[in-house]
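Enquirer: need the 3D shape of this:
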Amino acid sequence: MKNEQVIEVNDVTKSYGKVQAVQGISLSVEKGEVYGVIGPKGAGKSTLLEMLMGVRKADSGSISVLGLDVDQEEETLKHKIGIQLQATSLFDRVKVKEALKQFHSYYNKTRSLDEIIGLCSLQPYLNKYVRKLSGGLQQRTALAIALVNDPEVIFLDEPTAGLEPQARAELWDIVQLMKEEGKTILISTHDMEEVQTHCDRVAVVVEGKLFASGTPDELIAQLPGGDGTMEDVYLQMAVFQNGVSA
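Expert: Numbering: from 1, shown residues only. Purely as a prediction, here's the structure:
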């Protein structure tokens with residue numbers, strides 16, 4: 001039986017003036033997948049994710065998330081997806097519990113705050129100001145906020161950038177729990193070890209185009225000699241072969 005497609009992207013383009021950020025990308029993501037998006041800086045990854053979230057509108061093509069047109073049904077979509085905010089987007093003068101309560105109030109369908117606090121191990125930090133937390137705790141708070149509406153699809157843009165190994169491991173433990181619940185996770189990252197370990201499938205985006213896609217094993221098999229790591233995939237497909245800067 002064919003797996004359920006929760007995201008379908010068909011020939012999508014996006015330009016900023018003369019810069020073609022996304023050029024005719026088509027891809028699909030299945031329910032319950034951890035789907036990675038990799039590529040060098042300026043490849044169009046963030047623009048692609050923003051269009052999938054409904055934050056930016058495509059110039060052409062179509063995007064469907066959970067059967068919803070992201071351009072025409074943005075209001076309905078935002079109640080069904082979770083977006084991990086960058087720590088700098090959180091209010092400087094807000095405590096963890098205040099941030100959680102505020103975002104929790106935005107949605108009709110929500111997950112228990114006590115459950116989220118326990119899941120993300122935030123109980124000791126509820127009365128701490130977000131800006132005074134470590135980078136790992138700020139990211140964990142951001143992920144908790146992304147879960148308040150019990151989303152079916154979760155978008156994570158560089159969630160572990162700059163984190164210590166323990167903080168990265170803790171965040172991935174939460175992602176794995178969400179996957180076990182049947183949620184779909186899209187993640188943009190430059191950490192190829194994380195991609196190889198945690199992602200079910202991966203899209204390689206270079207200069208606004210989908211250069212390759214498949215499971216980590218399938219992408220590694222395309223390398224000269226048919227073996228290596230996702231770091232080798234990144235270097236061969238996203239850097240050396242295309243003459244772009246990492």
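Enquirer: can we go C-alpha only for contacts and neighbour counts from here?
Expert: Will do.
Enquirer: and for Q166, the neighbour number?
Expert: Neighbour count of Q166, defined by other CA atoms under 10 Å: 10.
Enquirer: likewise K18?
Expert: Neighbour number of K18 under other CA under 10 Å is 6.
Enquirer: now do the same contact list for it.
Expert: By CA atoms under 8 Å, 6 or more residues apart in numbering, no residues touch K18.
Enquirer: report the separation between the residue nearest to L171 when sequence neighbours are not counted and G32.
Expert: Distance criterion CA to CA, 6 or more residues apart in numbering; nearest residue to L171, sequence neighbours excluded, is R140 at 6.6 Å. For R140, the distance to G32 (CA to CA, to the nearest Å) stands at 21 Å.
Enquirer: the two: who's more crowded?
Expert: Higher neighbour count among R140 and G32: R140, with 26 against 21, using other CA under 10 Å.
Enquirer: tell me the predicted confidence for that one.
Expert: pLDDT recorded at R140 is 90.
Enquirer: wait, what's in contact with it?
Expert: Applying CA under 8 Å, 6+ apart, one finds that R140 lies in contact with C120, L122, L171.
Enquirer: over to E164?
Expert: Contact analysis of E164 by CA under 8 Å, 6+ apart lists G136.
Enquirer: and it, its phi and psi?
Expert: In terms of degrees, to the nearest 10, the main-chain angles of E164 are phi -70, psi 160.
Enquirer: what's the answer for N10, then?
Expert: Note on N10: its backbone torsions stand at phi -130, psi 110 [degrees, to the nearest 10].
Enquirer: spatially nearest residue to it, not counting backbone neighbours?
Expert: S26 is the one closest to N10 (CA to CA, 6+ apart), at 4.4 Å.
Enquirer: what is the top helix by length along the chain packed up against?
Expert: Using DSSP state H to define each element, the chain has its longest helix at helix 165-180. Helix 165-180 is packed against helix 135-146, strand 184-188, with contacts defined by 3 or more CA pairs under 8 Å, 6 or more residues apart in numbering; DSSP states H and E.
Enquirer: of all the ones you listed, which lies closest to N3?
Expert: For N3, the closest of the helices and strands packed on helix 165-180 is strand 184-188, at 12.5 Å, according to CA to CA.
Enquirer: how about the residue nearest to G67 when sequence neighbours are not counted, what does it touch?
Expert: Spatial nearest neighbour of G67, chain neighbours left out: V6 (6.9 Å); criterion: CA to CA, 6+ apart. Applying CA under 8 Å, 6+ apart to V6 gives the contacts S28, V29, E30, K31, S64, V65, L66, G67.
Enquirer: try P159
Expert: Q84, Q86, Q139, I187, S188, T189.
Enquirer: so the residue nearest to G67 is in which element?
Expert: Assigned by DSSP states H and E, V6 belongs to strand 5-16.
Enquirer: sheet partners, orientation included, of that strand?
Expert: Applying DSSP bridges to the sheet, strand 5-16 is found paired with strand 19-30 (antiparallel), strand 60-65 (antiparallel).
Enquirer: ok, and the most crowded of the contacts of V6?
Expert: Of the contacts of V6, with other CA under 10 Å as the count, V65 tops at 24 neighbours.
Enquirer: which residue ranges of the chain form helices?
Expert: Assigned helices in the chain, in chain order: 45-53, 74-77, 96-104, 113-119, 135-146, 165-180, 192-198, 216-221, 230-233 (criterion: DSSP H).
Enquirer: all set, thanks.
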